[in-house]
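>>> The amino acid sequence is not available; the structure is as follows:
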């Protein structure tokens, strides 16, 4: 295990006030949104809460999670067609209570999650507290995939639970400090994969020089040893 961790890259902190690039994944998702993806890349989080809910504590815990992660305060304006990253210094989610019939709760929650975001303006996180009964609520959060991924959802839920408990009990939340933010990773990724180390990692995936420099399509086709047509026929053993 120690050998595995020894091979992991060290991501440096991004210089203060430096431009923050989009990661490759963010660039791809921005492009898909520009093509009209709408709410297709929204990530839903739904938590069923039973018993009494302290709305103020829940709202403060939710906003503490947003304050903790720069990515959740990002927006992606593109005034000249080229997206850039902005990070709001503060961003407050209101967490409105929506009274809903239990038989219509799923439909209401699904409609809320599917609502598109405006990547240029943000916020790219929204949350509603659906009240089905006096002692039953659904906390539904929708986050655009450009600022969150499936691997992060479990961590966000864990942090929310700890912050909510801390607000109720009146003690400091027991959460580790974040050593890096997503912007640090995005800058490292850009520098790493456009530098010498990135060229070395891409080398095995490049075509041979003889194929890359063939003069005509006919020359390239002559060098290609694959079958001229795709088929479902396999080899015999």
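In hand now; what should we look at? As the structure is a prediction and not an experimental result, all values here were calculated from the model. Numbers count the residues shown, from 1 in each chain.

>>> Only C-alpha atoms from now on, for both contacts and neighbour counts.
OK.

>>> tell me the mean pLDDT over stretch 14-30?
For stretch 14-30, mean pLDDT rounds to 90.

>>> now the end-to-end length of that stretch.
End-to-end distance for stretch 14-30: 22 Å, by CA to CA, to the nearest Å.

>>> So what touches that stretch?
83-86, 119, 145-147, 183-187, 189-190 (CA atoms under 8 Å, 6 or more residues apart in numbering).

>>> And for the longest helix anywhere in the chain, what's in contact with it?
Selection of the longest helix in the chain by residue count, based on DSSP state H, yields helix 150-169. Contact with helix 150-169 is made by 43, 45, 57-58, 60-62, 64-65, 172-175, as judged by CA under 8 Å, 6+ apart.

>>> out of these, which are buried?
Among the contacts of helix 150-169, the ones that count as buried by 16 or more other CA atoms under 10 Å are 43, 45, 57-58, 60-62, 64-65, 173.

>>> hang on, the earlier thing: okay, the contacts of helix 150-169 in JSON lines with distance to residue 77 next?
Formatted as JSON lines, these follow (distance: CA to CA, whole Å):
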{"residue": "43", "distance to residue 77": "21"}
{"residue": "45", "distance to residue 77": "26"}
{"residue": "57", "distance to residue 77": "32"}
{"residue": "58", "distance to residue 77": "30"}
{"residue": "60", "distance to residue 77": "28"}
{"residue": "61", "distance to residue 77": "28"}
{"residue": "62", "distance to residue 77": "25"}
{"residue": "64", "distance to residue 77": "25"}
{"residue": "65", "distance to residue 77": "23"}
{"residue": "172", "distance to residue 77": "36"}
{"residue": "173", "distance to residue 77": "34"}
{"residue": "174", "distance to residue 77": "35"}
{"residue": "175", "distance to residue 77": "32"}
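
>>> ok, which pair from those residues is furthest apart?
For these, the maximum inter-member distance is 29.0 Å, found between 43 and 172 (CA to CA).

>>> I'd like the distance between residue 147 and residue 141.
Residue 147 sits 13 Å away from residue 141, going by CA to CA.

>>> So which residues of the chain form helices?
Under the criterion DSSP H, helices of the chain are mapped to 2-7, 24-34, 55-68, 105-114, 150-169, 182-194, 196-202, 209-212, 217-223.

>>> gap between the second one and the chain center?
Centre-to-centre, helix 24-34 and its host chain are 11 Å apart (CA atoms, centre = their mean, to the nearest Å).

>>> Mind listing what's buried along stretch 79-90?
By 16+ other CA under 10 Å, the buried positions in stretch 79-90 come out as 83-87.

>>> make that stretch 131-143, sorry
Neighbour-count burial for stretch 131-143 [16+ other CA under 10 Å]: 131-132, 137-143.
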